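K.L.:
fold the following and give me the result.
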Amino acid sequence: MTDALYSVINALESDPSNKWARDLGYRPVWAGSPCARVAIIGQAPGRRAQQSGIPWDDASGARLRSWLGVRDVEFYDPALFAIIPMDFYFPGKGKTGDLPPRKEFASRWHPMIFAEMPNITLRVLVGTYAQRFYLADRAKENLTQTVRAYKEYLPAEFPLVHPSPLNHYWHTKNSWFMTEVIPDLARQVSVALGCK
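P.N.:
Numbering: from 1, shown residues only. Presented below is the predicted three-dimensional model:
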């Protein structure tokens, strides 16, 4: 990590808005370096990832890595992948799942972080929160329509549904995702990593 990137993360961690996380013993959950080529932008770490400090440290992460066509060792290589969620801290549980990421977090910290990662050529936008933030008015009416129109956002962005095993019903209704979208995702990642 360069001194400039370290300074940004240090400022993030010590910022008063994150005192609640420090009080709980939380550390920011993210990964990356100035050499990273692909950014994975998701919602926020889950409870397990917050406890382990390892992003995507669950069944969803295993599925995401299979979609990307990479092994664990590649996914967790900060010279290849930056893992930059919309919030770096587990937000807590709500009635129907994890609470959403704080709205002000990404707008404040992402520009400074990505300014220190000049080699990113592909941003994988996992879920509605990342898509609404990065695609803004280019996003479609809902997540399904945005993901189906993924070619409109290439080569810089690739919208995805969350890889949670709980999304089984969505996959049943949208069989095109695995047959059309995932093979192209793996190709785009390979190109971004300089493999092709």
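K.L.:
look at residue 168 and give its secondary structure.
P.N.:
helix (DSSP: H, G, I helix; E, B strand; the rest coil).
K.L.:
ok, for the residue positioned nearest the centre of the chain, nearest residue in space, not its chain neighbours?
P.N.:
By C-alpha atoms, centre = their mean, the chain has its centre lying nearest to residue 41, at 2.1 Å. Distances taken as C-beta to C-beta, 6 or more residues apart in numbering put residue 130 closest to residue 41, at 4.3 Å, once the chain neighbours are dropped. Heads up, the C-betas are built off the backbone N, CA and C, glycines and all.
K.L.:
thought the one you found was touching residue 86?
P.N.:
Yes: using C-beta atoms under 8 Å, residue 130 is in contact with residue 86, at 5.9 Å.
K.L.:
what's the overlap in contacts for those two?
P.N.:
Shared contacts of residue 130 and residue 86 (C-beta atoms under 8 Å, 6 or more residues apart in numbering): 41-43.
K.L.:
output the below-cut-off pLDDT ranges for this protein.
P.N.:
For the chain, the stretches flagged by pLDDT under 70 are 1, 196.
K.L.:
in it, which spans are helices?
P.N.:
3-14, 19-23, 47-52, 59-68, 72-75, 103-115, 128-135, 143-148, 168-173, 176, 182-192 (DSSP state H).
K.L.:
packing partners for the first one?
P.N.:
Counting contacts by 3 or more C-beta pairs under 8 Å, 6 or more residues apart in numbering; DSSP states H and E, the secondary-structure elements packed against helix 3-14 are helix 103-115.
K.L.:
and the helix it packs on with helix 3-14, angle?
P.N.:
170 degrees (axes from the mean of the first three to the mean of the last three C-alpha atoms, to 10 degrees).
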